[in-house]
Each structure stands twice: as structure tokens, then as C-alpha cells.
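Enquirer: mind looking at a prediction? Sequence and model below.
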Amino acid sequence: MSMVQQFAEMIHPVLRLPIVRRTRRNHALEHATITVLSNRVKSLSMAGRSDQSGFVLFGDVPTEAVRSAVLEALRRMQQGEKSLAIHPNCGTNLVTTSFCASVAAMLGMKVTRSSGFTNRLPVVMGLVAVAVVLSQPLGFSLQRHITTDGDPADLELVEIARSEMRSPFGRGRIVVHRVTLRSE
């Protein structure tokens with residue numbers, strides 16, 4: 001059993017709290033939906049964010065395509081495709097990589113404190129590179145055991161609402177789909 005699995009077992013009561021369980025299932029369905037959409041839409045550019053009542057997708061995709069992808073993803077997960085819950089571009093992976101790289105950089109600076117910059121840089125870069133490589137499987141494991149739940153159980157689609165918002169970068173508009181879900 002991995003350290004992540006052991007940690008997940010320790011915090012199992014928290015992971016089973018209704019609000020946490022719903023958010024983890026919604027997060028899993030968000031990933032599965034984006035995976036289904038990316039297989040259908042060439043050069044898909046999309047981001048998502050999950051919460052206890054569903055998830056939000058940011059990206060210019062027709063609402064009917066989102067609805068179809070949500071329903072297919074949910075059906076496939078209910079049939080046992082739990083791997084759809086794991087996505088390589090998940091924020092969990094990004095945070096894990098950032099954390100591991102930061103710790104490695106701080107460690108490198110600490111162990112080479114008396115060395116000059118030119119001696120420190122290769123050590124820090126080497127440690128950060130190792131941290132980045134090792135963080136990838138760690139991020140996937142954290143998704144699998146903590147931040148998502150690949151078993152949708154009684155999850156069901158309630159509605160999908162499309163809206164648009166002004167881009168925070170001042171160029172154009174961003175299409176937003178709010179996917180509302182229901183679960184015990």
C-alpha cells in the first residue's frame with residue numbers, strides 16, 4: 001500500500017463526509033467530461049472547477065456537446081471506467097508538482113548555502129528536475145485516492161446552464177457551462 005493510500009485510509013472519515021464525497025464525485029465527472037469532449041473536439045481548450053453541487057467548464061463548446069459528454073462520461077463511469085476520473089491536467093497534479101519543486105529548490109539552496117550562485121544553480125536545477133519527475137505519479141495517486149472518487153454511485157445530471165463572462169485578460173468573452181448534479 002502506497003503512502004498516499006495509507007494517508008487516504010487515515011482520513012477516510014473526512015473523505016466520506018457528504019459534502020466531500022459529492023465534491024470528489026463531481027470532480028471525477030468533470031475530468032471524465034473533459035476527456036470525452038477532448039476526444040470529440042479537435043484542439044479543445046477547456047478548464048473546469050468542481051464543488052459540492054456540480055462543476056463549471058470554461059471553454060467555447062456548444063451546450064448540447066457538453067450535455068452529451070456529461071451523460072456519456074457518467075454512463076461510462078457507472079459501467080466501471082473509473083480511470084476517466086484521473087486527468088493529467090488536473091490542478092491536483094499542478095499543485096503537487098509546484099509543491100515538490102519548491103521543496104526541492106529550498107532544499108538545494110539550504111545544502112549549498114556556502115557555495116556561490118554558479119555552484120548552487122546546477123544542484124537546485126537537478127533537485128527540481130527530480131522532483132518534477134517524481135511528482136507526476138504522486139499527483140495521479142493523490143487524484144485517485146483523495147481528490148476524486150471514480151464511483152459516481154447515484155450521481156445524476158440536473159441541469160446545464162450556459163453563460164458568458166468577460167475575459168480577465170480583456171480580450172473577448174469566455175463561455176461558461178455550469179453543470180448542476182445531484183447525489184446523496
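Expert: Arrived safely. Numbers count the residues shown, from 1 in each chain.
Enquirer: double-check that Leu157 belongs to a strand.
Expert: Yes. Applying DSSP: H, G, I helix; E, B strand; the rest coil, one finds Leu157 inside a strand.
Enquirer: contacting residues for the nearest residue to it once chain neighbours are set aside?
Expert: Of all residues not flanking Leu157 in the chain, Val70 sits nearest, at 5.7 Å (CB to CB, 6 or more residues apart in numbering). All C-beta atoms are positioned from the backbone trio N, CA, C, and that covers glycine. Going by CB atoms under 8 Å, 6 or more residues apart in numbering, Val70 touches 29, 33, 157, 160, 179.
Enquirer: give me the three-state assignment for the residue lying farthest from the centre of the chain.
Expert: Seen from the C-alpha centroid of the chain, the residue lying at the greatest distance (CA atoms, centre = their mean) is Ser114, 39.5 Å away. Recorded secondary structure, Ser114: coil (three-state DSSP).
Enquirer: tell me the confidence at it?
Expert: If you check Ser114, the pLDDT there is 74.
Enquirer: repeat that for Gln6.
Expert: 95.
Enquirer: how many residues are close by it?
Expert: 10 (other CB atoms under 10 Å).
Enquirer: now swap in the one 5 residues further on and tell me
Expert: Counted with other CB under 10 Å, the burial measure for Ile11 works out to 12 neighbours.
Enquirer: what does Thr148 give?
Expert: What Thr148 shows, counting by other CB under 10 Å, is a neighbour count of 27.
Enquirer: so how far is Met109 from it?
Expert: 34 Å (CB to CB, to the nearest Å).
Enquirer: buried residues of the strand or helix carrying Val36, list them for me.
Expert: With secondary structure defined by DSSP states H and E, Val36 is part of helix 18-40. Judged by neighbour count using 16 or more other CB atoms under 10 Å, the buried positions of helix 18-40 are 20-38.
Enquirer: ok, stretch 53-70 next?
Expert: 53-57, 59, 61, 66-67, 69-70.
Enquirer: hang on, Val158 packs against Arg182?
Expert: Yes. Because the distance of 5.2 Å satisfies CB atoms under 8 Å, Val158 is recorded as touching Arg182.
Enquirer: compare those two (neighbour count), which wins?
Expert: For Val158 versus Arg182, neighbours defined as other CB under 10 Å are more numerous around Arg182 (13 against 10).
Enquirer: that one reaches Glu159, doesn't it?
Expert: No. Using CB under 8 Å, Arg182 is not in contact with Glu159; the gap is 9.9 Å.
Enquirer: now do the buried residues in the host helix or strand of Val128.
Expert: Element membership for Val128, per DSSP H and E: helix 117-142. Within helix 117-142, the residues that count as buried by 16+ other CB under 10 Å are 120, 123-124, 127-128, 131, 135, 138-142.
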